[in-house]
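Chemist: Sequence first, predicted model second:
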Protein chains: 2
Amino acid sequence: MKLRIVKRLLEANERIAEENRRLLRENGVFTINLMSAPGAGKTSLLVRTIEALMDKVSIGVIEGDITGTDDAERIDALGVPVVQLNTEGACHLDAGMIREALEDIPLGGIELLFIENVGNLVCPAEFNVGEDVKAMVLSVTEGDDKPLKYPLMFKESGVLVINKTDLLPHTDVDMDKIRRSALSINPGLRIFEVSCRTGTGLTEWTDYLGALSVGTGMY
Amino acid sequence: MKLRIVKRLLEANERIAEENRRLLRENGVFTINLMSAPGAGKTSLLVRTIEALMDKVSIGVIEGDITGTDDAERIDALGVPVVQLNTEGACHLDAGMIREALEDIPLGGIELLFIENVGNLVCPAEFNVGEDVKAMVLSVTEGDDKPLKYPLMFKESGVLVINKTDLLPHTDVDMDKIRRSALSINPGLRIFEVSCRTGTGLTEWTDYLGALSVGTGMY
């Protein structure tokens, strides 16, 4: 019974996600669903990415948080259109929430849309929201055992951004183990190693975003 | 409708949690539900705690993970009774899972039981499992904005262990801000600052566990 309910919810979500995807593509918007555990650095990565790309690409952001507007304020300070979604307790974004947020985003003027999910390494991976690609952020300080412990998110994501590499020398974390185990779950995963604090590795990531969206006429 | 279903699930969970609590207390077991985001260091804290207390107190552990047995193996290596629960995708432990795990734990011989929840800063806080106290771990590398962004867990927990303090000098994190915002949500929160890597601060934590369970005849 419980399983049937969950299945019905996921099917309803998938229908709305498909509608979102159609709307976004009609408007020429390339959409990235950004996911991670709490504190891996999604918002910092977004700020860095927007700073690097905003002269070349028109960017919009949907910020998902359980409560509060801190993240949206950080994005708003960059002068980029941003909508803050508060889930009021819910542990992930779903397609219905994104459908509502899209009403407040000027889609015609946006080429690249980032959806920052709630910080959670489990539930967000189960809900498509209409994105073109799921990108996840893992900070090195979370440890090198995370891919095998939270496999679904690594499997669903097309891109893995490993953040906080500046802290590597101060930890016992084995970067090769992260890469190996992530690729054992998802051999097609594209991996970037960055430090949002120092800026290391960010050019490869922003170049990739450019190449990824060539088809949309972004560059 | 959806809300009604969730409410019914939570009520059913609460009933089973109450049964677990009765069973544990009848056996003189003091139970700690250990929660955190992925990679905050719950298992490392458990290993350090067991090493410090195992000569004085008989300890048991229930390890909750989505998949895998890595954490249980780390505990098993210390010679402590441990049960690994795999949730197969579910993002939190519930009281029913703990009821089943308790059948495999020799309750009569245990004074202190740790239940390590799935790494998730959101959902585990909603489900009582029959514990005496909820203790949460936050690593400094997750950032000083976490209490206000994930308030429920800080509100539900009696204890906050701030881990990885050895990394503080390499971050921009404001420890006072963590303490202030956590206490603004939960003024009764007992806070410890530790580094499981270097051992700093762990004595205060293990002394506290001793004092906390004096009533159970632990010490």
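Modeler: On my side now, so go ahead.
Chemist: List the contacts of A:V159.
Modeler: Listed by CB atoms under 8 Å, 6 or more residues apart in numbering or on different chains, the contact partners of A:V159 are A:V133, A:K134, A:A135, A:M136, A:L189, A:R190, A:I191, A:F192, A:Y208. Where you see a C-beta, it was placed from the backbone N, CA and C, and this is true even at glycine.
Chemist: actually A:A40, not the one I typed
Modeler: A:G119, A:V137, A:L138, A:S139, A:E142, A:N163, A:K164.
Chemist: wait, which of these is closest to chain B?
Modeler: Of all the contacts of A:A40, chain B sits closest to A:E142, with 2.8 Å by CB to the nearest CB.
Chemist: quick one: secondary structure of A:L152?
Modeler: For A:L152, the assignment made with DSSP: H, G, I helix; E, B strand; the rest coil gives helix.
Chemist: what about it, neighbour count?
Modeler: The local packing of A:L152 (other CB atoms under 10 Å in any protein chain shown) involves 17 other residues.
Chemist: Surely it touches A:E126?
Modeler: Yes. Judged on CB atoms under 8 Å, A:L152 makes contact with A:E126 at a distance of 7.1 Å.
Chemist: sorry, back to before: just the contacts of A:V159: which has the poorest pLDDT?
Modeler: Least confident entry in those, by pLDDT: A:Y208, with 93.
Chemist: Let me know the helix or strand that the spatially most central residue of chain A is in.
Modeler: Nearest to the geometric centre of chain A sits A:L34, at 0.6 Å (CA atoms, centre = their mean). Here A:L34 is covered by strand A:30-36, with elements defined by DSSP states H and E.
Chemist: What strands line up against that strand, and which way round?
Modeler: The strands beside strand A:30-36 in its sheet (DSSP bridges) come out as strand A:112-116 (parallel), strand A:133-139 (parallel).
Chemist: Output the contacting helices and strands for the helix or strand that the longest one is followed by.
Modeler: Moving toward the C-terminus from strand A:133-139, the first helix or strand encountered (DSSP H and E) is helix A:146-149. Contacts defined by 3 or more CB pairs under 8 Å, 6 or more residues apart in numbering or on different chains; DSSP states H and E place helix A:146-149 against helix A:175-185.
Chemist: pLDDT score assigned to the residue nearest to the centre of chain A?
Modeler: At A:L34, the pLDDT value in this model is 98.
Chemist: List the residues that contact it.
Modeler: Counting by CB under 8 Å, 6+ apart, A:L34 touches A:K42, A:L45, A:L46, A:F114, A:I115, A:E116, A:N117, A:A135, A:M136, A:V137.
Chemist: And for the third one, the neighbour number?
Modeler: Looking back up the chat, that one is A:L46. Number of residues near A:L46 (other CB under 10 Å) recorded here: 25.
Chemist: List the residues that contact it.
Modeler: If you count contacts by CB under 8 Å, 6+ apart, then A:L46 has A:L34, A:V61, A:I75, A:F114, A:E116 around it.
Chemist: got the contact list for the helix ranked longest in chain A?
Modeler: Across chain A, the longest stretch assigned as helix under DSSP state H is helix A:2-26. With CB under 8 Å, 6+ apart as the contact definition, helix A:2-26 has outside contacts at A:31, A:94-96, A:98-99, A:102, A:107, A:113, A:126-132, B:2, B:5, B:9.
Chemist: Mind checking which of these are buried?
Modeler: Buried subset of these (neighbour count, 16 or more other CB atoms under 10 Å in any protein chain shown): A:31, A:94-96, A:98-99, A:102, A:107, A:113, A:126-132.
Chemist: so which of the residues you listed comes closest to chain B?
Modeler: A:E126 (8.0 Å).
Chemist: my guess is that closest one contacts A:K134, does it?
Modeler: No. Using CB under 8 Å, A:E126 is not in contact with A:K134, being 11.2 Å away.
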